[in-house]
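> here is my input, please return the structure:
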Amino acid sequence: MVERLRNKRKKTETTEIINFPVNYVSVRMFRYLAFCFCFVALVGLPVGGQSGRTRDPKGGKQVKPVPPPPLPRPKAADEPRDDAGTIRIASDLVTVVTTVTRRESGALSELGREDFEIFEDDVAQEITDFARDSEAPLRLVMLFDTSLSISSRLEFERRAASRFLERVMRPQDQAALFSFATDITLLQDFTNRVPLLTTAMKQLRAKGATSLYDAIFLAAEHLKTAPGRRIILIISDGGDTTSSKDLKSALAQSQLADAMIFAVFTGNVWPSQNVRDLAAERALAALTSETGGELFLPRPRSGPADAAADEQTLADLNAIFSTLAEQLRTQYILGFYSSNEARNGAFRKITVRVKKNGYAARARNGYYAPKG
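The predicted model follows:
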């Protein structure tokens, strides 16, 4: 019995001696692996897949790797350079919207690039760009004088202008409507939808004084980045009374915007100059002639201001707007690169001629050269 107990005890001790090293080695191995993992995490070695991003050691935010700078672009062989190797821009493209008319009555025939010639400061220029009115969209800003001085004629102006828009606007054209009195108001921004423009005209109300030059200045700003032919149409008696800008500033801004100004004079044109506002007429004449447009004057009035005179006024306005619409349909867009490479911002005179006999060309008188 005693012997049997001793043998059992030996087996138990043998088992414990055999099992002990296995458990001990497992614990040591687990601790070793844990230590290695923590060490890797502390030193910041990447574990697992790469994401293509690194970490900012200061803020801990992910930062995209900065790509290497691009290789320098090869220099074009045909770019003009000065003695130091700097690329020079020879000139900017100058566009000139030109209205063509017949000196005598008769239908206008289609003209080509070869039928025109352009002079800058009396030096002939090569016409490099050419387009007809049908190929260039129209961007038109209408300036309605709503001062008290034209209150009796406002309804006739509204009706005639609505018919004009229906006659001249095409799907690719857009027009905007401003009213001006003491203040200038944008009633309708650029749109090709004539009903929106005619609806906006119903908001016209006569009040206040006349800020004509301020309105022209703002209209030119509005047109400066518009594509196509840029036209400002003034419907006014021309008598500016409250503008912060003067005639010269309004004209310069229009020239910088490459805008052509047309004006419909709505003041009374009496046979006697003693009762006419000649200063207002001359201001509108200067604005239109310098930009290549035209001033339209109604027929002189001779009778009393009655219903018959009102009908005559509306008929005159309809005839004027019809003529204007026809002119806008017979325009050409000419372009050239000036042979004068000076970039000094100076004003340069432009002259456009039609080589064919019996035709007359009307365009802006000049432009401001680029600077820099």
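> shaky segments in the stretch 251-372 of the chain?
Along the stretch 251-372 of the chain, segments meeting pLDDT under 70 span 268-276, 301-310.
> ok, which stretches of it are strands?
Taking DSSP state E, counting those that start in this stretch as the test, the strands found in the stretch 251-372 of the chain are 260-265, 295-296, 331-337, 347-354, 359-362, 366-368.
> so which of those is nearest Ile320?
strand 295-296 (4.3 Å; CB to CB). Yep, even glycine has a C-beta here, placed from its N, CA and C like the rest.
> which strands and helices lie in contact with that closest one?
Judged by 3 or more CB pairs under 8 Å, 6 or more residues apart in numbering; DSSP states H and E, strand 295-296 is in contact with strand 260-265, helix 278-291, helix 307-328.
> deepest of those, which one?
Highest mean neighbour count among those (mean count of other CB atoms under 10 Å): strand 260-265, with a mean of 25.
> that one to helix 278-291, inter-axis angle?
150 degrees (axes from the mean of the first three to the mean of the last three CA atoms, to 10 degrees).
> can you dump the C-alpha atoms of strand 260-265 in PDB for me?
The C-alpha trace of strand 260-265 is given here as PDB (Å, rounded to 0.1, in the frame of the first residue of the first chain):
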ATOM      1  CA  MET A 260     -20.900 101.300 -79.300                       C
ATOM      2  CA  ILE A 261     -23.400 103.900 -78.200                       C
ATOM      3  CA  PHE A 262     -26.700 104.700 -80.000                       C
ATOM      4  CA  ALA A 263     -29.100 107.400 -78.700                       C
ATOM      5  CA  VAL A 264     -32.700 108.200 -79.400                       C
ATOM      6  CA  PHE A 265     -33.200 111.900 -78.500                       C
END
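> hmm, who's touching that strand?
97, 99, 157, 216, 229-238, 254, 280-281, 284, 287-288, 291-298, 317, 320-321, 324, 364 (CB atoms under 8 Å, 6 or more residues apart in numbering).
> same check on stretch 220-229?
Counting by CB under 8 Å, 6+ apart, 97, 133, 136-139, 141, 173-174, 176, 186, 190, 230, 232, 250, 253-254, 256-257, 259-260, 328, 331, 333 sit against stretch 220-229.
> quick check on the residues you listed: which are buried?
With neighbours counted by 16 or more other CB atoms under 10 Å, the contacts of stretch 220-229 contain buried members at 97, 133, 136-139, 141, 173-174, 176, 230, 232, 250, 253-254, 257, 259-260, 328, 331, 333.
> now intersect these with the helices, please.
Counted as lying in helices by DSSP state H, out of the buried ones among the contacts of stretch 220-229, are 250, 253-254, 328.
> redo those as TSV? Include distance to Leu111.
Below are those laid out as TSV (distance: CB to CB, whole Å):
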residue	distance to Leu111
Ala250	32
Gln253	31
Ser254	26
Leu328	16
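> nearest to Thr266 among those residues?
Using CB to CB, these come closest to Thr266 at Ala250, 18.5 Å.
> what does the pLDDT read for the residue nearest to Thr313 when sequence neighbours are not counted?
Leaving aside its sequence neighbours, Thr313 sits nearest to Phe156 (CB to CB, 6 or more residues apart in numbering; 5.4 Å). With respect to pLDDT, Phe156 scores 84.
> between the helix or strand Phe156 falls within and helix 307-328, how many degrees?
Using DSSP states H and E, Phe156 sits within helix 154-168. Angle between the axes of helix 154-168 and helix 307-328 is 30 degrees (criterion: the same axes, to 10 degrees).
> restricting to C-alpha, output helix 154-168 in PDB.
What follows is helix 154-168, C-alpha atoms only, in PDB (Å, rounded to 0.1, in the frame of the first residue of the first chain):
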ATOM      1  CA  LEU A 154     -42.500 107.900 -71.400                       C
ATOM      2  CA  GLU A 155     -45.400 105.800 -72.600                       C
ATOM      3  CA  PHE A 156     -44.600 106.300 -76.300                       C
ATOM      4  CA  GLU A 157     -40.900 105.400 -75.600                       C
ATOM      5  CA  ARG A 158     -42.000 102.200 -73.900                       C
ATOM      6  CA  ARG A 159     -44.300 101.100 -76.700                       C
ATOM      7  CA  ALA A 160     -41.700 101.900 -79.400                       C
ATOM      8  CA  ALA A 161     -38.900 100.100 -77.500                       C
ATOM      9  CA  SER A 162     -41.000  97.000 -77.100                       C
ATOM     10  CA  ARG A 163     -41.600  96.800 -80.800                       C
ATOM     11  CA  PHE A 164     -37.900  97.400 -81.400                       C
ATOM     12  CA  LEU A 165     -36.900  94.400 -79.200                       C
ATOM     13  CA  GLU A 166     -39.400  92.100 -80.900                       C
ATOM     14  CA  ARG A 167     -37.800  93.100 -84.200                       C
ATOM     15  CA  VAL A 168     -34.100  92.900 -83.400                       C
END
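> hmm, who's touching that helix?
138, 140, 142, 144, 146, 150, 175, 194, 197-198, 201-202, 204, 206, 235, 264, 266, 310, 313-314, 317-318, 320-322, 324-325, 328-329.
> still on that earlier bit, looking at the strands of the stretch 251-372 of the chain, which is buried most?
Most buried among those, counting by mean count of other CB under 10 Å: strand 260-265, with a mean of 25.
> quickly run through the sheet partners of that one, with directions.
strand 229-236 (parallel), strand 295-296 (parallel) (DSSP bridges).
> of the strands of the stretch 251-372 of the chain, which approaches Phe119 most closely?
Closest among the strands of the stretch 251-372 of the chain, using CB to CB: strand 347-354, at 4.4 Å.
> before we move on, the earlier item: closest one to Arg353 among the strands paired with strand 260-265?
strand 229-236 (20.0 Å).
> compute the inter-axis angle for that closest one and strand 331-337.
Using the same axes, to 10 degrees, strand 229-236 lies at 130 degrees relative to strand 331-337.
> average pLDDT for strand 229-236?
Mean predicted lDDT for strand 229-236 stands at 96.
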